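> Give me the fold of what follows.
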Amino acid sequence: MNDASSFRAVKKCEAIIPALVLGSAYTTLAAARGLGQCGVRVICPSDSLGYLANSRYISKRPRGLKALAEFSSLRDYLEAADLPGAVLIPCSDHWVREVAALPQSLSDRFCSSSPSKEIVAILLNKAKLATFLKQKGIAAPLTLVLESESDIDQWPGELFENSFLKPCDSQRFNACFRRKAFRVRSREDAVGLYRQTAAKGIDMVLQEYVPGPGSEHYFIEGFIDAGGKLRGLLARRRLRMYPVDFGDSTYSRTVPLTLFGDLGERLYTVLSPLRYRGIFSAEFKHDLRDGQFKLLEINTRVWWQFGIAMDSGMNFVAMAYRDALGQPVDPVDSYRVGVGWVAIGSDKKACWALHRRGELSLGSWLWSWLTSTKELLRWDDPYPYLGQLRYRITSILRQIFNKSHRA
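Prediction:
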C-alpha cells in the first residue's frame, strides 16, 4: 500500500461507497485528491468550494442530496440525506466535532475513522491540551489557563514581552479576529486583548512564545487504525510561513524521523492510551535554548498541506477511508524525504519579506518553487488552478475596466 495503485484493488462493495468530504477550500481539495486518486467517489456537500469544485476528483452532488448549508447541523443533514451510506472525512475542527457528536444510529450508516468526542474535547481545546501534556510530562511551552482577567497577574512579568494569547477554540477565534493568536508585549496589553476575546465569549490561554524562526517548526503526522495500531508516520519541516514571524505554513519539506530521536514513538504512547483513532498532525517547535522539541498542538484531521504526504508515499486519507469501512490497513514503514510543498500565493509574500531582509536569495526562492508540490497546480488535476487563474485574470480586467470607465 505504498502508492495509490494498491488502493484501486478495493472490493466492489467498498468501491461503491462514496466519501463525504466535509469542509471548504484547500484542505477539502487535498482530501478529495487523496481519495480520488485511489478510485473513491468523492462528494463535497459544501456550496462554497468555488473554482476548487472543478477538480476531476470531486463528483457532482447527486440530485437527492441537498447542500449542507441548508441544515443547522451535520446530524440533521445526514438524517435527510438520500444516501444508503458514506464515509465521512472531516476537514476542519468544526466538522471533527460534528462527526464525533453523531449518534450511533447515524455513525453506523455514515462511518468515519475519527477520534471520539471525549478525545476531541481534550485535543482541540488548548486549555485542556495544556493540562493533559503537563500530566503526561510532554515538553511544551509554559502555558497559563485563563479563567478570568485576574489570572493574568499569575504570569511572570519578565515573560510578557515574549508571550501570546492563544484561543482554546482556534476556528472560532479566527472567524472573529482573522488571525491565529494575539502577541502581547506587556501586562496591560494582555489585559486589553483578553477583554476583547472575553466579550466574544472565547476562552484563552496565555502561552510563552518559543523563540526562533519559523523554520524551527516541525510536524509529526500519522494514522492510527481502529485497533489502536500505528500504520504510518511522517515528519516534515516548515521552512517558511506568512506572516514570516507568526503565521501559517507556506513552504515545507519532509525530513527523516530520526531527526527527532524517539519523539514519534513517544507521541504514539501519549495517543494510544486515549484509544485515539484516525489521522493526526502534531506541531512542535525546536527550542534553541534547551534543544527540546516543544509540542504546540495536535490536529485531528486532514491538514492544508496534505499534498506533501501523498507525494511522500503516505496517503493517510485513503487509510482513513479503508479503516472506516472496517477494512485492514497495511502499515507503511517509509516515505520519501525531501519532498516539498508550497502555497505560491501566500509564499510569494513570505519570500518577498525574507528577500528584503537579506534572508533569502532569488536563486533559493526559485529552487524551492520548482522542486515542490504546488497548493493548487497538479498535472493530474489542473482544473482548480485554471479556475483560479481565470478568476484572477477576470478580476484584473474588471478593475482596469472600472478605472477607465470612471476616468
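> tally of neighbours for residue 384?
For residue 384, the count of nearby residues is 26 (other Cβ atoms under 10 Å). The way it works is simple: take the backbone N, C-alpha and C, and place the C-beta from them, glycine included.
> Output the below-cut-off pLDDT ranges for this protein.
The model of the chain has pLDDT under 70 over residues 1-15, 244-245, 405-407.
> Show me how it divides into domains.
Domain segmentation of the chain under automatic domain parsing yields 4-115, 142-208, 214-374.
> can you map out the helices along the stretch 51-200 of the chain?
In the stretch 51-200 of the chain, the segments counted as helices under DSSP state H, counting those that start in this stretch are 74-80, 93-100, 104-107, 117-123, 126-136, 170-177, 187-199.
> Pick the most deeply packed of those helices.
Highest mean neighbour count of those: helix 93-100, a mean of 22 (counted as mean count of other Cβ atoms under 10 Å).
> So residue 303 sits against residue 26, correct?
No. Between residue 303 and residue 26 there is no contact under Cβ atoms under 8 Å: 9.9 Å.
> Now residue 187: closest residue in space that isn't a chain neighbour?
Nearest residue to residue 187 in three dimensions, chain neighbours excluded: residue 160, at 5.7 Å (Cβ to Cβ, 6 or more residues apart in numbering).
> brain fart, residue 88
Using Cβ to Cβ, 6+ apart, the nearest residue to residue 88 is residue 112, at 4.1 Å.
> and residue 161, how far is that from residue 113?
Taking Cβ to Cβ, to the nearest Å as the criterion, residue 161 is separated from residue 113 by 43 Å.
> got the contact list for residue 310?
4, 30, 33-34, 37 (Cβ atoms under 8 Å, 6 or more residues apart in numbering).
> do residue 92 as well
Residues near residue 92 by Cβ under 8 Å, 6+ apart: 22-24, 27, 171, 301.
> Just the residues you listed: which are in helices?
Per DSSP state H, helices hold the following members of the contacts of residue 92: 27, 171.
> close enough to count as contact, residue 81 and residue 68?
No. If you go by Cβ under 8 Å, residue 81 and residue 68 don't touch, sitting 9.7 Å apart.
> so can I have JSON lines of the contacts of residue 310 showing distance to residue 209, neighbour count and secondary structure?
Shown next, in JSON lines, are the contacts of residue 310 (distance: Cβ to Cβ, whole Å; neighbours: other Cβ atoms under 10 Å; DSSP: H, G, I helix; E, B strand; the rest coil):
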{"residue": "4", "distance to residue 209": "40", "neighbour count": "19", "secondary structure": "helix"}
{"residue": "30", "distance to residue 209": "29", "neighbour count": "25", "secondary structure": "helix"}
{"residue": "33", "distance to residue 209": "35", "neighbour count": "25", "secondary structure": "helix"}
{"residue": "34", "distance to residue 209": "33", "neighbour count": "30", "secondary structure": "helix"}
{"residue": "37", "distance to residue 209": "39", "neighbour count": "22", "secondary structure": "coil"}
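> Mind checking which of residue 161 and residue 113 has more residues around it?
With neighbours defined as other Cβ under 10 Å, residue 161 and residue 113 compare such that residue 113 has more, 26 against 12.
> picking up where we left off before, among the contacts of residue 310, which pair sits farthest apart?
Taking Cβ to Cβ, the two most distant members of those are 4 and 30; they sit 14.1 Å apart.
> before we move on, the earlier item: is it possible to get TSV of the helices of the stretch 51-200 of the chain that adds distance to residue 293?
Below are the helices of the stretch 51-200 of the chain laid out as TSV (distance: least, Cβ to Cβ, whole Å):
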stretch	distance to residue 293
helix 74-80	35
helix 93-100	23
helix 104-107	35
helix 117-123	18
helix 126-136	13
helix 170-177	21
helix 187-199	27
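> Nearest to residue 361, out of the ones you listed?
Nearest of the helices of the stretch 51-200 of the chain (Cβ to Cβ): helix 170-177, 33.0 Å.
> Return the angle between stretch directions for that closest one and helix 126-136.
Relative orientation of helix 170-177 and helix 126-136, computed by axes from the mean of the first three to the mean of the last three Cα atoms, to 10 degrees: 140 degrees.
> Which neighbouring elements make contact with helix 170-177?
On a contact count with 3 or more Cβ pairs under 8 Å, 6 or more residues apart in numbering; DSSP states H and E, helix 170-177 meets helix 93-100, helix 187-199.
> Distance-wise, check residue 102 relative to residue 235.
On the measure of Cβ to Cβ, residue 102 and residue 235 end up 32 Å apart.
> want to try JSON lines for the helices and strands packed on helix 170-177, with distance to residue 181 as columns?
Shown next, in JSON lines, are these (distance: least, Cβ to Cβ, whole Å):
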{"stretch": "helix 93-100", "distance to residue 181": "15"}
{"stretch": "helix 187-199", "distance to residue 181": "10"}
